[in-house]
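1. Here is a sequence with its predicted model. Questions after.
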Amino acid sequence: MAGRWKDVATGTVREVTTDELLSAVRGHRLAEIRRSRGLTQHHLAEKMGVSQSQVYEIERGSIAEREALARYAIALGGRLRQAIHFDDGDIAVVE
């Protein structure tokens, strides 16, 4: 006999965290930028010196380490910058 939908859904669906959502959005945006520059994942991977699967994982949001993102940015002609935002409005840029 089939169970109730509520019981099935509870066991298979999990809540997506804010960090996971932001990683996915960042990855999607990076892929858009790469495509706008006419590069394939394979070509970008060659420029980065990594595998195509690593580029795929970055664009999927699964890899978010600073070093990997910096290499991605450099291969696209950019640079990675980090900023610290304070409640009083101050911003410190870390390069």
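-> All right, it came through fine.
2. Helices of the chain, residue ranges please.
-> Counting by DSSP state H, the segments of the chain that form helices are 5-12, 18-36, 41-48, 52-60, 66-75.
3. just these: most buried one?
-> Comparing the helices of the chain by mean neighbour count (mean count of other C-beta atoms under 10 Å), helix 52-60 comes out on top with a mean of 19. For every residue, glycine as well, the C-beta is placed using N, CA and C.
4. related to what we said a few turns ago, lowest average pLDDT across the helices of the chain?
-> When the helices of the chain are ranked by mean pLDDT, helix 5-12 comes last with a mean of 60.
5. just to revisit the earlier point, dump the helices of the chain to a markdown table, plus distance to A83.
-> Shown next, in a markdown table, are the helices of the chain (distance: least, C-beta to C-beta, whole Å):
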| stretch | distance to A83 |
| --- | --- |
| helix 5-12 | 38 |
| helix 18-36 | 15 |
| helix 41-48 | 24 |
| helix 52-60 | 20 |
| helix 66-75 | 13 |
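6. Between those helices, which one is closest to A92.
-> A92 lies closest, by C-beta to C-beta, to one member of the helices of the chain: helix 66-75, at 15.9 Å.
7. Many thanks, I have nothing further to ask.
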